[in-house]
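K.L.:
3D, please:
(one chain, ligands or ions: 1)
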Amino acid sequence: AFDLSLRPQFLGEYIGQSELKAELSVYIQAAQSREESLDHVLLYGPPGLGKTTLAKVIANEMQVNMQSTSGPAIEKTGDLLALLNELEAGDVLFIDEIHRLPRSVEEMLYSAMEDFYVDIIIGQDEGARALHFPLPPFTLIGATTRPGALSSPLRHRFGIMEHMRYYQVEELEEIVKRSSQVFDSEIASPASHEIALRSRGTPRIANRLFRRVRDFAQVYRDNHMIDLDITRQALTVLQVDEKGLDQLDRKILDTMIKFYQGGPVGLTTIAANLSEEATTIEDMYEPYLIQQGFIQRTPRGRVVTALAYQHLGYPYQEDE
Ligand code: ADE
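P.N.:
Numbering: from 1, shown residues only. Alright, predicted model coming up:
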């Protein structure tokens with residue numbers, strides 16, 4: 001029987017990230033055989049690569065419950081305390097976007113992670129009292145797109161740090177095929193390959209494109225079969241090009257070429273031109289543009305490469 005959930009539940013079903021899986025599998029087995037909680041894990045890398053999914057997989061493999069939250073959702077130390085209070089021995093506490101925790105909350109995590117207790121001060125002045133809360137041993141799994149934004153005391157309390165990488169086309173293809181089974185829809189091999197090619201190394205994008213392509217097949221194909229033709233039509237409508245670049249990707253490159261002669265130009269300047277947040281561009285768009293060789297970072301700002309000119313159909317002139 002096929003498990004009807006889109007997200008993999010165990011390491012064995014998790015596609016890609018093979019080195020990371022191999023490492024984690026050792027740490028999980030070792031912790032289990034010692035009957036200890038797993039050391040704290042920091043997962044970092046671009047968005048959409050499956051950090052949350054992997055955290056849940058780790059909890060499943062450890063056979064423990066997982067409490068889930070995010071940096072921006074925890075505003076006060078009391079919010080964190082409430083979550084810590086729910087934990088049983090060995091449980092996972094997952095904090096997405098952990099770089100966005102308020103400072104006071106982050107500081108409370110230091111003792112919680114290192115020695116499994118928190119001290120809280122209640123009352124004021126002469127009436128102030130310190131309360132000491134012991135905690136069960138637990139595993140903090142933090143996820144972040146920007147590990148450099150974590151304070152170094154927090155970063156150093158993670159015994160396991162893992163870099164999530166962009167997926168290979170073959171891996172994305174496997175993910176799309178898996179999704180088509182989960183959704184009980186038929187997809188031709190060239191079609192899943194095409195989706196994989198245009199998903200910029202990211203399972204979240206592959207799955208989103210798959211769902212939209214499937215909609216087109218549902219409406220335009222009698223048998224609902226997802227073939228290469230309908231896939232290409234759908235991707236054209238979605239304005240995702242052969243390199244997987246979407247409208248904003250192309251606008252970023254276009255702005256740099258048209259208004260800044262290809263750079264160097266600062267990220268905040270580009271962001272202001274496009275009415276986007278600099279962090280959105282930096283975390284969600286730039287990593288892939290750099291990885292694909294369209295943009296380079298220099299000490300004076302970002303520059304577009306010959307490849308970007310070529311991709312957008314502009315003539316390229318070497319610097320005089
Ligand atoms: N769905 C999304 N990401 C996945 C992955 N890495 N493996 C299997 N299915 C997925």
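
K.L.:
going forward, measure contacts and count neighbours with C-alpha atoms only.
P.N.:
Noted.

K.L.:
any weak-confidence spans in the chain?
P.N.:
Where the chain drops to pLDDT under 70, the residues are 1-4, 319-320.

K.L.:
Which secondary structure state does F133 sit in?
P.N.:
strand (DSSP: H, G, I helix; E, B strand; the rest coil).

K.L.:
Up against the ligand, what does the stretch 1-150 of the chain have?
P.N.:
Contact residues, the stretch 1-150 of the chain versus the ligand (Cα under 6 Å from any ligand atom): 7-8, 13-16, 50.

K.L.:
Please convert the buried members of those residues into PyMOL selection syntax.
P.N.:
A single PyMOL command is used to select the members of these judged buried by 16 or more other Cα atoms under 10 Å:
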select buried, resi 7+8+14+15+16+50
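
K.L.:
Out of the residues of the stretch 1-150 of the chain next to the ligand, list just those in helices.
P.N.:
In this view, those have no member that belongs to helices under DSSP state H.

K.L.:
hang on, L93 is in a strand, isn't it?
P.N.:
Yes. Under three-state DSSP, L93 sits within a strand.

K.L.:
What separation is there between it and Y220?
P.N.:
L93 sits 45 Å away from Y220, going by Cα to Cα, to the nearest Å.

K.L.:
Of those two, which one has the most company?
P.N.:
Using other Cα atoms under 10 Å as the criterion, L93 and Y220 rank with L93 on top: 23 against 13.

K.L.:
Let me see the contact set for that one.
P.N.:
66-69, 84, 87, 138-141 (Cα atoms under 8 Å, 6 or more residues apart in numbering).

K.L.:
Mind doing that once more with 6 Å?
P.N.:
66-67, 140 (Cα atoms under 6 Å, 6 or more residues apart in numbering).

K.L.:
For the ligand, state which of those residues is nearest.
P.N.:
Distances from the ligand to the contacts of L93, taken as Cα to the nearest ligand atom, are shortest for M66 (18.6 Å).
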